[in-house]
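Undergrad: requesting a structural model of the entry that follows:
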Amino acid sequence: MRVKVVNLLFQKRWFHVLSFFILFFLLILLLNYTKFIFIPILQYIGALAFPLIGAGILYYLTRPLMHFFEHRLKLGRIWSIILVFLVIILLVTLFIMYIWPIAQRQITNLMYGIPGMIAVIDEFIFYWQANYTSIPPQIINAIDDFIGNIPSHVQNILDHLFGFLGGLIGQVISLVAGLIIMPFFLFFMLKDGEKLLPFILQIFKKEKADNIRNLLGKIDNVLSSFIQGQLIVSFCVGVLLLIGYMIISLDYALILALFGMMTNVIPYIGPFISVIPALIVGTLQDPMNLIWVSIIMIVAQQIESNLISPNVMGQALSLHPLTIMTVIIAAGSIAGFLGILFAVPVYAVVRTIIVHCYQTYVNSKENKEDALI
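TA: A predicted model of the protein is given here:
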């Protein structure tokens, strides 16, 4: 009788779920007590994280180009990879020769122009205080404190954005070493990336190998869709912003467009971040620019959301906007700027794994029930 009760207990779904969570938390507790074993491993992985992630992003960006050279031009794999590297070198050279000097000049002018912008804001506040006495003194004091601390606010923002680079010599050396190693990682990813999956799957049985191949294929599709799509969309948005800023003769148009292009990598939140400096600079240049910059941003985002994103990214991610914003805010509070940057692809991959495992469980259960019938 006791054996029957135990067997019935093991067949209950709630018992399986409870056992899973108990074992999961026991595993976390065990890892916490043995974390000294994993610290050297984590340090090693951290040292390779930058070149690996950079090479992985470049791999997804350049893989379609390599396949184009390989299949359309009938070139060998090595020659296709060499052409891919030549294209990368050409693009970097064009950026350094034609875009970077203009951006550097505008950045320098902006740094010299910040005191003048602060003076204009101060004059506006003094004028407002002199002519509109109905403003509560608390608001005036808060505005004065904010204006007086604008340089420190700018410095804090820069520190948070680029704090992961640090100022230490060791981190600079690691960054340079990562940039040197990255092309080698990219070369072998392009050359042997398609051989990795068969090498891993050969140790599994056919049914298990097919399941893992299906899962890894879904993950590859998610990462490819996000990386290629998001960067292409961000580039298009940057070009649209540059055209719009040049039409209204906005100061520092190039660096503001580049800033908009980089922040647009962050879904949904990025466009709101990118428009803030453009609105400030535009308003100080001409109050009418407040309207024009807003119109340009709205038009660029409408073109991106209705024309570019559906055709480039499609519905591969299928993530609800509220889910994305929640994930970004949570990741930002935990891991800062890097968490915001990688929140969406990590969440998409984790969700893909969970959905696939659940579907596999449901299918296996249905197959068992069919076999019993």
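
Undergrad: helices or strands next to the helix or strand hosting I280 in the packing?
TA: Element membership for I280, per DSSP states H and E: helix 269-285. With contacts taken as 3 or more CB pairs under 8 Å, 6 or more residues apart in numbering; DSSP states H and E, helix 269-285 sits against helix 100-131, helix 206-247, helix 253-263, helix 289-303, helix 321-372. To be clear about C-beta, it is placed using only N, CA and C from the backbone, and glycine gets the same treatment.

Undergrad: mind doing that once more with 7 Å?
TA: Identification of packing neighbours for helix 269-285 by 3 or more CB pairs under 7 Å, 6 or more residues apart in numbering; DSSP states H and E yields helix 253-263, helix 289-303.

Undergrad: run the chain-centre distance for the shortest one.
TA: For helix 253-263, the distance from its own C-alpha centre to the chain's C-alpha centre is 16 Å (CA atoms, centre = their mean, to the nearest Å).

Undergrad: so that helix versus helix 289-303, what angle?
TA: Relative orientation of helix 253-263 and helix 289-303, computed by axes from the mean of the first three to the mean of the last three CA atoms, to 10 degrees: 40 degrees.

Undergrad: which parts of helix 253-263 are buried?
TA: Judged by neighbour count using 16 or more other CB atoms under 10 Å, the buried positions of helix 253-263 are A253, L254, I255, L256, A257, L258, F259, G260, M261, T263.

Undergrad: now for the residue nearest to L256 when sequence neighbours are not counted, how many residues are close by?
TA: Sequence neighbours aside, A278 is the residue nearest to L256 in space, at 4.8 Å (criterion: CB to CB, 6 or more residues apart in numbering). By other CB atoms under 10 Å, the residues close to A278 number 26.

Undergrad: how far away is A278 from L26?
TA: Separation of A278 from L26 (CB to CB, to the nearest Å): 52 Å.

Undergrad: please apply the same query to F85.
TA: Computed as CB to CB, the F85 to L26 distance reads 48 Å.

Undergrad: higher neighbour count, the two?
TA: Comparing F85 with L26 by neighbour count (other CB under 10 Å), the higher total belongs to F85, at 14 against 10.

Undergrad: what number of residues lie near Q302?
TA: Counted with other CB under 10 Å, the neighbours of Q302 add up to 10.

Undergrad: that one and Y268, how far apart?
TA: Distance of Q302 to Y268, computed by CB to CB: 14 Å.

Undergrad: and L18, how close does it get to F184?
TA: Distance from L18 to F184, by CB to CB: 48 Å.

Undergrad: before we move on, the earlier item: hmm, the residue nearest to L256 is touching A257, no?
TA: No - under the criterion of CB atoms under 7 Å, A278 makes no contact with A257, lying 8.6 Å away.

Undergrad: any shared contact partners between the two?
TA: Here A278 and A257 have no joint contacts, going by CB atoms under 7 Å, 6 or more residues apart in numbering.

Undergrad: after the helix or strand of the chain with the lowest mean pLDDT, heading C-terminal, what element do we hit next?
TA: Lowest by mean pLDDT, DSSP states H and E among the helices and strands of the chain is helix 2-11, with a mean of 55. Per DSSP H and E, helix 2-11 leads on to helix 13-33 as the next helix or strand towards the C-terminus.

Undergrad: C-terminal to that next one, what's the next element?
TA: Using DSSP H and E, the helix or strand that follows helix 13-33 in sequence is helix 35-67.

Undergrad: packing partners of the helix or strand just after that next one?
TA: Downstream of helix 35-67, the first helix or strand assigned by DSSP H and E is helix 77-94. Applying 3+ CB pairs under 7 Å, 6+ apart, one finds that helix 77-94 makes contact with helix 35-67, helix 169-201.

Undergrad: any chance of a markdown table for those, columns distance to T360, mean pLDDT and mean neighbour count?
TA: Below are the helices and strands packed on helix 77-94 laid out as a markdown table (distance: least, CB to CB, whole Å; pLDDT from 0 to 100; neighbours: other CB atoms under 10 Å):
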| stretch | distance to T360 | mean pLDDT | mean neighbour count |
| --- | --- | --- | --- |
| helix 35-67 | 26 | 79 | 14 |
| helix 169-201 | 16 | 77 | 14 |
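
Undergrad: any chance of these in a markdown table, plus distance to I296?
TA: Output for these, formatted as a markdown table (distance: least, CB to CB, whole Å):
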| stretch | distance to I296 |
| --- | --- |
| helix 35-67 | 27 |
| helix 169-201 | 34 |
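
Undergrad: which one is F259 nearest to, not counting chain neighbours?
TA: S274 (5.9 Å).

Undergrad: quick check, that neighbour in contact with I266.
TA: No - assessed by CB under 7 Å, S274 is found out of contact with I266, at 9.2 Å.

Undergrad: show me which of the two is the more surrounded one.
TA: S274 (26 against 22).

Undergrad: quick one: residues contacting the more buried one.
TA: Neighbours of S274 in contact, by CB under 7 Å, 6+ apart: F259, G260, T263, N264.

Undergrad: on that earlier part again, look up how far I232 lies from the residue nearest to F259.
TA: Separation of S274 from I232 (CB to CB) stands at 17 Å.
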